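Q: Below are the sequence and a predicted model; questions follow.
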Amino acid sequence: MEFFSQTYVALRGPTGAPQTASDTISRLSDRLSPATLLADRRAAVLALKGLSRDCKQDVGDRALPGLLEVLSNDAEVDADIGKAVIETLQLLCDTEEGEAAIKELGFTYTDHVLANEKATHTLFDLLGDQNFYTCFATLQYLSTLLLNRRQLVQGYFLTSPNGTRNVVSVLEDKREIIRNEAISMVQALISQSPDIQKVLAFEGAFEKLFNIVNQEGGVEGGAVTSGALTCVDGLLRFNTSNQSYFRETPFPPVLCSLLLFPPNLQIRDAAPQEFALQFWDKQKQTNASLVIGIIGMLVGSKGSSVQEATAFTRCLVEIALASNAPTPLKTQSLRLLPPNSTFPLSDVILTPYMPVPETNGEEWDRLEPASALDALVELALHGEYNGLESGKRIKDGLELRTAAVAVFENFVQKDEIRQTIIQAMLPSEGSSGAAPLTPLLHALVSPPNTASTLDPANVTSTHLATLIFSHLLRSSPRAKALARTITPSPASVLPDSNAGSFFVPADGAPPAPTPEVEDDEPPQSVIQILSENLSLSFLSRSRASTSDRESREWDRLVVGYLCLLSQWLWEDPQSVREFLDAGGFGTLVEPINQTSEADTIVPALCAFLLGICYEFDREPGEITRATIYPILNRLGVDTLVGRMARLREDERFKAVGPDTVVLPYASASYLQPSLKPETEDEGEIWFDWAFVDFWKSNYCTFPFSPLLGFEVVDGSSLLDTIQRGFSAEPDQLSSSASGQNAEAAILVASLRDVIRAQSQEIETLQRKVKELTTSKDNELAILRAQVESLSSELAQASEKQKDTEKEQEDLLVLLDEVTSKRKKDKAKLREVGQEVSEDEADDDDDDDGNDDQ
């Protein structure tokens, strides 16, 4: 009580006169001086903390230097004063609450705190404090400073002696509140700072973060798991050094394991059911999305091993095509597949699943196994689960289907793959029957329903089939030539186009094959069928009883046909001739004369396709350039140019981008106010980016395409060039830059084939030379080994011979010495009168004789 009385008297003043808040703050600021007692400084900080909520500016202006002094001198000594001063600074630097002027004060005080590195280094040192409140308040205050002036704090962190160690240590703190707050702070700390990302990664941040994920239950965990995975993503994204280091750790396979996908699954083995069928909620979807994002980042960057890339790609494919994952996760998985991937979609066998109706997703049927490529095409044509909800045309579902189309486009980049897929639509060699009815071909040539209301699901299926088929044909003369030979089954025997190709065991026995119907008419080619379907669509579209919504569906169907035919007939005179002979020319003329403000796309595409027919009509036939020329004059050059110019201004064309194909329904509906979406998230598809790019790449060079305002090389406007193209005589080639007609294209294609054949021959010869060189090298190595062995034996024999000769010389010397000694001994024996045997004498004589000799 005495302490509080003394404090009160000190604040009240000696006279007891009432004081203003400014006077009180000034007195409290004076008590922050190091000359005062620690207890007085603590009481002053606590009082300033309370006043800072209502008098933020006064406290900041008068007490901030003293508070920073207390932070540096007392926070590590006394936990209570440390907690109080950090919380006070937090209130002063806060910029998230209050009016604009109050928020501006927060930035001002933040700049004052960060005027030098002293305060920041102290805060990073305090992270090692074992006191709960001090550490927690420090983490919160660092997060606030990072939010206000991130780059300054990051710079001070890199110079802090204990910053890295303390930050990593709090990530493994046993107290969950500290650990969770540390995760939030680290997310801000590593943002857009490769240096800090590297420092933390090599200090062991990956291990700490994955330990948190495992402790929280993997993707089944809550927001803490999401935060930890966000930190992992932040450490890896746009940081090739960390990605290389991460690949050397044991954690890449853990990413697949978090999704319950076996990382060592063989290419021929089926994925386990516990991976394919899981229970999903919003939080789990968020966590799984982060894991999938990290996987996609690693598989799309350089440095992945073949085994790692295969495992990651297989995981993404299985999620998208053979699991019950939420639709956004499937879309994300498909979009993250690398465009240049060599993953064998046609060789991987998947096991799709279908939800049992009225079970709320708790029971599932296993479908017949299918290749990943078949499942991909099926997904694009009919949507999830065999088209179960394709009629609703939800935007998420359409995004998934267009992502599948994009993956298919990347898969068929090589011309050989395109030709193989188209070849599968042709009758086998020696067979006289119709072409096999693949799901793609079926959806493409199915006739539109003109007897009743058009089904939007069928329209979407046919439209996406035209997109897929255009990817097979674009810029490939060989593929176009093969496609012209396809003769599908008659329309009368085609099954329901809304049904998928997968067999569902719960539906009973497989459907019996439809009996073939005898037809005297010769089979039609795909171009002839498309021309007929286009004509039927125009007739149905023009009916008076057609509602605005159904008319829009007919427009989308017509756009799909026209886009496919434009890309097919481009630089292909034989296909142009087939289209003209099928009556396609007459179908294009009437829509060009329409004057509806609500319909700009169809007349523009008709004019574009009409120009293609006129430009590349090089084959003899009934309808020639001479036949088309008067009709073009009657339509008027200005009319054709105007129709095409309006396409570029249409929102449905302008809004399409590489990642934006699905548009909200109904785009550009201000011209038709009656069009309203049936559901809040209904979407629609008009063009894909491949066609938009095709248009933009060719309409500048195509003599009939309008690009107002641009200049050509000779200085005349492009509009004049276009008009000259329309006015060109039938026996004259256009002066367009696209003068590379089909004959030239065919010549180029044939030369490419020759080059390809020669390249293959060169490769074969190089392979043979390599084999011969390898064989010769092997023989040479053997001979060298033999020479080395013989040389070694010779050297050993020479050494042995030298040793033998030396031994013989030693023996001869020894023999001479023994002989000399014997003579001396005999001579001594004779001198003393001893008898010497005759043999010994003879020996002596012989020796003497030998000596004489």
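A: Perfect, I can see it now.

Q: Just give the nearest non-adjacent residue to Y614, would you?
A: Nearest residue to Y614, sequence neighbours excluded (C-beta to C-beta, 6 or more residues apart in numbering): I628, at 5.0 Å. To be clear about C-beta, it is placed using only N, CA and C from the backbone, and glycine gets the same treatment.

Q: ok, now T660?
A: Nearest residue to T660, sequence neighbours excluded (C-beta to C-beta, 6+ apart): W689, at 8.0 Å.

Q: got a pLDDT number for the one you found?
A: With respect to pLDDT, W689 scores 92.

Q: Equivalent analysis for L814, please.
A: Looking at L814, its pLDDT is 84.

Q: Quick one: find the helix or strand in the chain with the lowest mean pLDDT.
A: Lowest by mean pLDDT, DSSP states H and E among the helices and strands of the chain is helix 718-727, with a mean of 46.

Q: still on that earlier bit, pretty sure the residue nearest to T660 sits against V662.
A: No: if you go by C-beta atoms under 8 Å, W689 and V662 don't touch, sitting 11.7 Å apart.

Q: host element of G683?
A: strand 683-685 (DSSP states H and E).

Q: what's the answer for P357, then?
A: Going by DSSP H and E, P357 is not in any helix or strand.

Q: Setting the sequence-adjacent residues aside, check what's closest to the most centrally placed residue in the chain.
A: The C-alpha lying nearest the average C-alpha coordinate of the chain belongs to L336 (C-alpha atoms, centre = their mean; 2.9 Å). For L336, ignoring the flanking residues on the chain, the nearest one in space by C-beta to C-beta, 6+ apart is G296 at 2.7 Å.

Q: number of nearby residues for the one you found?
A: 20 (other C-beta atoms under 10 Å).

Q: residues touching R335, list them.
A: Contact analysis of R335 by C-beta atoms under 8 Å, 6 or more residues apart in numbering lists 296, 403, 406, 659.

Q: who wins for neighbours among the residues you listed?
A: With neighbours defined as other C-beta under 10 Å, the most crowded of these is A403; it has 25 neighbours.

Q: And that one, how far from D659?
A: Distance, A403 to D659, using C-beta to C-beta, to the nearest Å: 9 Å.

Q: Repeat that for S525.
A: Per C-beta to C-beta, S525 is found 35 Å from D659.

Q: repeat for V170
A: Going from V170 to D659 by C-beta to C-beta gives 38 Å.

Q: Same check on E793?
A: Relative to D659, E793 is positioned 75 Å away (C-beta to C-beta).

Q: same question, S470
A: Distance, S470 to D659, using C-beta to C-beta: 19 Å.

Q: before we move on, the earlier item: contacting residues for the residue nearest to T660?
A: For W689, the contact set (C-beta under 8 Å, 6+ apart) comprises 656-658, 660-661.

Q: Mind doing that once more with 10 Å?
A: 402, 406, 409, 656-661 (C-beta atoms under 10 Å, 6 or more residues apart in numbering).

Q: what do you get for Q307?
A: Counting by C-beta under 10 Å, 6+ apart, Q307 touches 252-253, 263-264.

Q: can you do 8 Å?
A: Not one residue lies near Q307 by C-beta under 8 Å, 6+ apart.

Q: do the same with G128
A: Under the criterion of C-beta under 8 Å, 6+ apart, the contact list for G128 reads 162, 165-166, 169.

Q: Next up, the contacts around the nearest residue to P591 once chain neighbours are set aside.
A: Leaving aside its chain neighbours, P591 sits nearest to C606 (4.6 Å; criterion: C-beta to C-beta, 6+ apart). Going by C-beta under 8 Å, 6+ apart, C606 touches 562, 588-589, 591-592, 643.

Q: what do you get if the cut-off is 10 Å, keeping everything else the same?
A: Contact analysis of C606 by C-beta under 10 Å, 6+ apart lists 534, 538, 558, 562, 566, 587-594, 640, 643-644.

Q: Same question for E117.
A: With contact taken as C-beta under 10 Å, 6+ apart, E117 is in contact with 124, 152-153, 155-157, 159-160.

Q: What separation do you get for it and V558?
A: In terms of C-beta to C-beta, E117 sits 67 Å off from V558.

Q: What of K826?
A: Separation of K826 from V558 (C-beta to C-beta) stands at 139 Å.

Q: between those two, who's got more neighbours?
A: V558 (24 against 18).

Q: Please read off the pLDDT at the more buried one from the model.
A: Listed pLDDT for V558 reads 93.

Q: rewinding a little: can you flag the buried ones in the contacts of C606?
A: Among the contacts of C606, those that count as buried by neighbour count (16 or more other C-beta atoms under 10 Å) are 534, 538, 558, 562, 566, 587-589, 591-592, 640, 643-644.
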